[in-house]
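Undergrad: just coords:
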């Protein structure tokens, strides 16, 4: 951490526990038996990219999803299944963010969408009494509000430029390798967080 003044965190898998299989199971229970195949298609599709960059509205996303779910499934059921992957915010990770903020400028850079943003802030409020993740950061960046997503260079550059960050003094932490590679392209220092390692082990105080 020598020379580091700023830290940019990813969200899912780094601060928020997620389980993609839970969403797969939830859609299977709704009667979508090929969800894993669909999810793979969505990941490479304009629908998914446009949802995560705010170019597709929640209403348009749900209308498309209705084509893949049985008749009679409601918007609310689709949203609940879509959010099933969002689990919890371990208290120690949130406490760590509070401690780190006393020594570094902290930023959040997350590929997400309007449905998930509302859901994980609700999880945070229900479980910890904190209304928004923004509490823990100097600024939080969400792809659907930025119009850019990782690993596109523009996403990282926006955080750097808006906050006057020096890339060499800025550490980017993510659990997805392509996002790490994208960050390197703009000169950021990087840390690839591979499960089961967590940020608690990365920042463990030296004895």
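TA: Nice, thanks for sending it over. Note that this is a predicted model, so its numbers are computed, not measured. Numbering: from 1, shown residues only.

Undergrad: what packs against the top helix by length along the chain?
TA: Of all the segments of type helix in the chain, defined by DSSP state H, the longest one is helix 114-128. Using 3 or more C-beta pairs under 8 Å, 6 or more residues apart in numbering; DSSP states H and E as the contact criterion, the secondary-structure elements in contact with helix 114-128 are helix 58-65, helix 75-83. Just so you know, the C-beta spots here come from the backbone N, C-alpha and C atoms, and that holds for glycine as well.

Undergrad: who are the packing partners of the first one?
TA: It refers to helix 58-65. In this structure, helix 58-65 packs against helix 46-52, helix 75-83, helix 114-128, with contacts taken as 3+ C-beta pairs under 8 Å, 6+ apart.

Undergrad: what sits up against the shortest one?
TA: Helix 46-52 has contacts (C-beta atoms under 8 Å, 6 or more residues apart in numbering) with 42, 55-56, 61, 64, 111-113, 143-144, 149.

Undergrad: now, among those residues, which is nearest to residue 96?
TA: Nearest to residue 96 among these, counting by C-beta to C-beta, is residue 112 at 21.0 Å.

Undergrad: other SSEs contacting the lowest-mean-pLDDT helix or strand in the chain?
TA: In the chain, the helix or strand scored least confidently by mean pLDDT, DSSP states H and E is helix 35-43, which has a mean of 81. In terms of contacts (3+ C-beta pairs under 8 Å, 6+ apart), helix 35-43 is packed against helix 20-29.

Undergrad: distance of the closest residue to residue 194 other than its chain neighbours relative to residue 9?
TA: Spatial nearest neighbour of residue 194, excluding adjacent residues (C-beta to C-beta, 6 or more residues apart in numbering): residue 175 at 6.9 Å. Taken as C-beta to C-beta, to the nearest Å, the spacing of residue 175 relative to residue 9 amounts to 10 Å.

Undergrad: and those two? which has more neighbours close in?
TA: residue 9 (25 against 20; other C-beta atoms under 10 Å).

Undergrad: what is the more buried one paired to in the beta sheet?
TA: Listed beta-bridge partners, residue 9: residue 108, residue 173 (assigned using DSSP bridges).

Undergrad: thought it was touching residue 170?
TA: No. Contact status for residue 9 versus residue 170: not in contact, 11.5 Å apart, counting by C-beta atoms under 8 Å.

Undergrad: low-confidence stretches in the protein?
TA: 205-207 (pLDDT under 70).

Undergrad: apply 50 and report the result again.
TA: Judged by pLDDT under 50, the chain has its weakly predicted residues at 207.

Undergrad: just to revisit the earlier point, would you turn the helices and strands packed on helix 114-128 into CSV with mean neighbour count?
TA: Output for the helices and strands packed on helix 114-128, formatted as CSV (neighbours: other C-beta atoms under 10 Å):
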stretch, mean neighbour count
helix 58-65, 15
helix 75-83, 17
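
Undergrad: right, and the ones you listed - which one's nearest residue 120?
TA: Relative to residue 120, the nearest member of the helices and strands packed on helix 114-128 by C-beta to C-beta is helix 75-83, separated by 8.3 Å.
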